[in-house]
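Peer 1: can't give you the sequence, but here's the structure:
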């Protein structure tokens, strides 16, 4: 008997319970073949059908046009930190990066291996609250091959409420917000995401690449990171992470069954509102992000008395609320409430926070 | 009820039945935590303990000394085709590659993106049989930064029965033979392997790297492929493919329980001997590799009457013998008989081949 827990891990994150049950049931006997989906050839007709279906389901969910390739790749989000400049940045080229937190900064650090990376906007703080510099104050370069940003910062809990305007290809690291809200894919050159938050297990990255941006990978790009080559080979130039791709496909089916992105977006908004409202109405907890830019996926919060952190975490764990510890660079707590987290999980969390406050205030 | 099948897929390949049963049982409830191992942080104490234990078990099995790092990486074998030259080859440097089949050739093609790659030995055929050029006839360069070879060619069914002699770092792609027989790790600079044959599911590569070879990655090496950086971070510079790592750990425990490499090597030898003996004593089937260099993991064979190929495959499948079709570049049949294939699987295959021969000779 599995006890009811709610897992707030930022990633690898919880997956939908329904998905995990299907996967467990057919773990050793997929499609009545007598073996696991992870034990079959990626070139066999059954697996190829699965792969195509997963891609099509993602295209349906995000309304991705044929102008874009959808690639299932190795290397996670950090692999894409290198793939993007290797595919888009000419030798001695320039690109603009917008800094809003820990992950956009890591993307910039990696990008600097491959060319001149401009800080179009640096981290921004308003009255002690984390924020985002308005685009009117950004310094974008005419020479930039692309503009890179991170719409949702997993560590910092900062989220864009707008899509940057630019005539350059816009590149977005959507690792922690992909599939959580409706977006207009046509505004982007590349959208990429490590899978382990809103898609599936770690070890897979998805890259949605406008086709006209492919085919110019610089010399010395590892083949597995060459978008054009992977596209020509249906993401099977090398053996893909087949089990992760399978699980991603199950998650896409689950999302469709929930009513698609607009339906999950409404639930995500309700979850975030409930948690932020509670925090804002408490003197015991606080959040350090300007209201407009608060993440609906990753909610960092602090106890005003930080000496209670350890007991908060230990009591939370006792009642089945797992992985609430904040990122080591920020401290405090963080509740990651991705698509797979049901509203009931946030309700239980808020109730726990209330009673903890009563006991310790 | 799962029907008894034997899966001869070259990769992603079958995993030990005992491993799959453990993994299924604890799929949604690992260590009584109420969630899956794929849903927990790679930085949590439970996962870190799993990761270290898997590494230690691999070190025990292969007798790997502290002079070597053991890295769990993204990108599979083809990722290593790029990682090796990016980490070992200086700008404008040279390396020697020994060609013995399809995979060593692919490694060479990738290597040429990064420097001057010499063909130290080309593919070799003796009296119409695939073979390996004796090392006395190789052309090794004094300037080579390393010597690369593939001890077992998955597609061609060709296997080295010796370790090349060189004073340069010897780099081996052991994707399809790692853990199948005892080897002296100290003779190698780097051993790498995609996981999906003898280790676990696809999406993971293991690199065993002599520590003095690390730290010279060329500029423009993606961070996730930088051996020194990954070693400093215990293979967690980026989120690793955690579920694949977990399954690899279960496979290592299973191997230890079988009695380690020497025990599995004896079973592997018996499996290969049974199959090759049968083929050699038949006029209906034949194998095209010089006896001395036959692979004990991948056994390609042809029906003398190739018009029977389709019916052979379809009848084999009916009796639960899956994935016997040869690689498209070679044709015919191939039985991959990695560690997880029990002797009984080869017995059933040989019996089927006998009765098929009787019916169609």
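Peer 2: It's in. All figures in this text were calculated on a predicted structure; none of them were measured in a lab.
Peer 1: okay, CA-based contacts and neighbour counts for the rest of this
Peer 2: Fine.
Peer 1: quick one: which helix or strand includes residue A:339?
Peer 2: Per DSSP states H and E, residue A:339 falls between elements, in no helix or strand.
Peer 1: Contacts only, for it.
Peer 2: A:16, A:179, A:180, A:198, A:264, A:268 (CA atoms under 8 Å, 6 or more residues apart in numbering or on different chains).
Peer 1: from these, which ones fall inside helices?
Peer 2: Secondary structure from DSSP state H places A:264, A:268 of those in helices.
Peer 1: Run a quick neighbour tally on residue A:267.
Peer 2: 17 (other CA atoms under 10 Å in any protein chain shown).
Peer 1: what's the neighbour count on the nearest residue to it once chain neighbours are set aside?
Peer 2: Once flanking residues are discounted, residue A:267 sits nearest to residue A:343: 7.0 Å by CA to CA, 6 or more residues apart in numbering or on different chains. Residue A:343 is flanked by 17 other residues according to other CA under 10 Å.
Peer 1: Please apply the same query to the one 5 residues further on.
Peer 2: The number of residues packed near residue A:348 is 16, by other CA under 10 Å.
Peer 1: where does it land in three-state SS?
Peer 2: helix (DSSP: H, G, I helix; E, B strand; the rest coil).
Peer 1: do the one 10 residues further on as well
Peer 2: Under the three-state scheme (three-state DSSP), residue A:358 adopts helix.
Peer 1: what's the spacing between it and chain B?
Peer 2: Distance from residue A:358 to chain B, counting by CA to the nearest CA, to the nearest Å: 28 Å.
Peer 1: give me the number of residues near that residue?
Peer 2: Number of residues near residue A:358 (other CA under 10 Å) recorded here: 10.
Peer 1: what does the stretch 201-350 of chain A put close to chain B?
Peer 2: A:201-204, A:219-224, A:238-243 (CA under 8 Å from any CA of the partner chain).
Peer 1: Which one of those residues is nearest to residue A:306?
Peer 2: For those, the residue nearest residue A:306 by CA to CA is residue A:202; the value is 31.7 Å.
Peer 1: could you list every residue that touches the closest one?
Peer 2: Contact analysis of residue A:202 by CA under 8 Å, 6+ apart lists A:12, A:76, A:194, A:195, A:196, A:244, B:38, B:239, B:240, B:241, B:242, B:243.
Peer 1: Return the subset of these lying in helices.
Peer 2: A:76, A:244, B:242, B:243.
Peer 1: any chance of the residues you listed in CSV, with pLDDT too?
Peer 2: Below are the ones in helices among the contacts of residue A:202 laid out as CSV (pLDDT from 0 to 100):
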residue, pLDDT
A:76, 96
A:244, 98
B:242, 98
B:243, 98
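Peer 1: From residue B:201, how far off is residue A:245?
Peer 2: Distance of residue A:245 to residue B:201, computed by CA to CA, to the nearest Å: 12 Å.
Peer 1: of the two, who's got more company?
Peer 2: residue B:201 (29 against 26).
Peer 1: Now do the phi/psi pair for the more buried one.
Peer 2: Backbone geometry at residue B:201, expressed as degrees, to the nearest 10, gives phi -80, psi 170.
Peer 1: for residue A:95, helix, strand, or coil?
Peer 2: strand.
Peer 1: hmm, back to that, pick out the one among the contacts of residue A:339 with the largest number of neighbours.
Peer 2: Going by other CA under 10 Å, residue A:198 tops the contacts of residue A:339 with 29 neighbours.
Peer 1: just checking, that one touches residue A:176?
Peer 2: Yes - counting by CA atoms under 8 Å, residue A:176 is a contact partner of residue A:198 at 6.5 Å.
Peer 1: Can you give me the buried ones in stretch A:141-156?
Peer 2: Going by neighbour count (16 or more other CA atoms under 10 Å in any protein chain shown), the buried part of stretch A:141-156 is A:141, A:144-156.
Peer 1: end-to-end on that stretch?
Peer 2: Length of stretch A:141-156, first residue to last, CA to CA: 26 Å.
Peer 1: which residues sit in contact with residue A:338?
Peer 2: Contacts of residue A:338 by CA under 8 Å, 6+ apart are A:13, A:176, A:177, A:180, A:197, A:198, A:268, A:297, A:298.
Peer 1: Can you tell me which of the residues you listed is closest to chain B?
Peer 2: residue A:13 (4.9 Å; CA to the nearest CA).
Peer 1: Strands along the stretch 1-150 of chain A, start to end?
Peer 2: In the stretch 1-150 of chain A, the strands defined using DSSP state E, counting those that start in this stretch lie at A:6-7, A:68-73, A:94-98, A:116-121, A:124-126, A:129-131, A:144-149.
Peer 1: Could you identify the helix or strand that succeeds the last one?
Peer 2: Going back to what we said before, that points to strand A:144-149. Once strand A:144-149 ends, the next helix or strand along the chain (criterion: DSSP H and E) is strand A:152-153.
Peer 1: Could you measure from residue A:314 over to chain B?
Peer 2: 14 Å.
Peer 1: What mean pLDDT does the host helix or strand of that residue get?
Peer 2: Using DSSP H and E, the secondary-structure element containing residue A:314 is helix A:309-318. For helix A:309-318, mean pLDDT rounds to 97.
Peer 1: Now stretch A:222-241: buried residues?
Peer 2: Buried residues in stretch A:222-241 (16+ other CA under 10 Å): A:222-231, A:234-241.
Peer 1: Okay, and which of the residues you listed map to helices?
Peer 2: Counting by DSSP H, the part of those found in helices is A:227, A:228, A:229, A:230, A:231.
Peer 1: List the residues that contact the spatially closest residue to residue A:17 that is not a sequence neighbour.
Peer 2: Leaving aside its sequence neighbours, residue A:17 sits nearest to residue A:340 (CA to CA, 6+ apart; 7.7 Å). Neighbour list for residue A:340: A:14, A:15, A:16, A:17, A:198 [criterion: CA under 8 Å, 6+ apart].
Peer 1: Greatest separation within these: which pair is it?
Peer 2: A:17 and A:198 (13.3 Å).
Peer 1: Next one: residue A:361 relative to chain B, how far apart?
Peer 2: On the measure of CA to the nearest CA, residue A:361 and chain B end up 29 Å apart.
Peer 1: Quick check, that residue in contact with residue A:284.
Peer 2: Yes - counting by CA under 8 Å, residue A:361 does reach residue A:284; the two are 6.8 Å apart.
Peer 1: For those two, work out which one has more neighbours and name it.
Peer 2: residue A:284 (18 against 10).
Peer 1: Contacts only, for the residue lying closest to residue A:89 once chain neighbours are set aside.
Peer 2: Excluding the flanking residues, the one nearest residue A:89 by CA to CA, 6+ apart is residue A:145, at 6.1 Å. Neighbouring residues of residue A:145 by CA under 8 Å, 6+ apart: A:88, A:89, A:93, A:94, A:95, A:96, A:168, A:169.
Peer 1: same question, residue A:93
Peer 2: By CA under 8 Å, 6+ apart, the contact set of residue A:93 is A:115, A:116, A:143, A:144, A:145.
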